[in-house]
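Novice: take a look and give me a structure for this.
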Amino acid sequence: MKRVQMFLAGAFIAVGALYAQSSDAEWQAEVAKLKGTIQTNPAQAAEEAEHLIKGKNKKNVELLVAIGNAYLDADKLPEAQEYATLARKANGKSALASDLQFQVGRLYYGAGTQPDSLTITVEERKQALMSADSVFHAIAEAAPDNYLGNFWRARANSALDPETTQGLAKPFYEEVAALLESKNDPHYNSALVECYSYLGYYYLLAIENPALKAEAKANKDKSIEYWNKILAIDPANATAKRALDGIK
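Specialist: Take a look at the predicted model:
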């Protein structure tokens, strides 16, 4: 009797595994077809994608990410972002969802910072950077102990404020610097130098800002502090040395 029970249990497990494999193969085949439809008939592709994630597949992270990657391969960033968000909602700790979301943010950032003004307008560049900021904001909220979300928010906002007149990137670079300093790990030195460089330059500009005349001394001290932090990491850093020579 025990042998029969063991046989049946093994059979049920085997059938379950085969069903899972056939089920996965089914949606994988559908996603493969979807890739072509995205290019030829975007409206139909959207309907097919929505149909794919109905029912039990609504929280299938692998499927959601696969659809997102299909849109990513077709340079359809808003749609890729949509499926990255759905995958994150299905499983906030999914590395697959996180990677897709990060790729989307990086591509938005790349579009917003590309130098070729013939392929993208100023307004389109701004919108791309704002989209990048939104994606990296979501990443930062989902993984507050990871510096990358706010680090890339800092970069996106720095690009939105190229003259550093508004200090849009300041709060994000400050937050990243504080987090990385607490880790006390040389692995993060290059990221810290970037943070300190921005903050040192921000306060350097603030010294000469007539509207901040009352804070000139404090701003000078802060700028010196950040350039010295860079030299503590990289004693040969030429930018920090020039900045300090200019302040003195």
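Novice: kindly indicate whether Thr164 is helix, strand or coil.
Specialist: Using DSSP: H, G, I helix; E, B strand; the rest coil, the structure places Thr164 in coil.
Novice: isn't it right next to Asn157, touching?
Specialist: No - with contacts counted by C-beta atoms under 8 Å, Thr164 stays clear of Asn157, the gap being 10.3 Å. Every residue, glycine included, has its C-beta placed from N, CA and C.
Novice: same drill for the two, tell me which one is more crowded.
Specialist: A direct count of neighbours by other C-beta atoms under 10 Å for Thr164 and Asn157 places Asn157 higher, at 22 against 16.
Novice: contact partners for that one?
Specialist: With contact set as C-beta atoms under 8 Å, 6 or more residues apart in numbering, Asn157 has these partners: 129, 133, 168-169, 172.
Novice: nearest to Leu63, of those?
Specialist: Using C-beta to C-beta, Asp133 is the member of these that sits closest to Leu63, with 28.0 Å.
Novice: would you check that that closest one makes contact with Arg155?
Specialist: No - using C-beta under 8 Å as the test, Asp133 is too far from Arg155 to be in contact (9.4 Å).
Novice: what's the neighbour count on Gly105?
Specialist: Neighbour tally, Gly105, other C-beta under 10 Å: 27.
Novice: just give the closest residue to it, not the sequence neighbours.
Specialist: Residue nearest to Gly105 in three dimensions, not counting chain neighbours: Val135, with 3.6 Å by C-beta to C-beta, 6 or more residues apart in numbering.
Novice: quick one: the strands in the chain, in order.
Specialist: With DSSP state E, there are no strands along the chain.
Novice: low-confidence ranges, it, go.
Specialist: Scanning the chain for pLDDT under 70 picks out the ranges 1-23, 117-118.
Novice: kindly state the domain boundaries assigned to this protein.
Specialist: 26-160, 164-248 (automatic domain parsing).
Novice: among those domains, which is the most enclosed?
Specialist: Mean neighbours per residue, mean count of other C-beta atoms under 10 Å, is largest over the domains of the chain for domain 26-160, with a mean of 18.
Novice: how long is that domain end to end?
Specialist: Counting by C-alpha to C-alpha, to the nearest Å, you get 44 Å between the two ends of domain 26-160.
Novice: one more: stretch 135-154?
Specialist: One end of stretch 135-154 sits 12 Å from the other (C-alpha to C-alpha).
Novice: could I get the full set of helices for the chain?
Specialist: Under the criterion DSSP state H, helices of the chain are mapped to 2-40, 42-52, 61-73, 77-90, 95-113, 122-142, 148-160, 170-183, 189-207, 216-233, 238-247.
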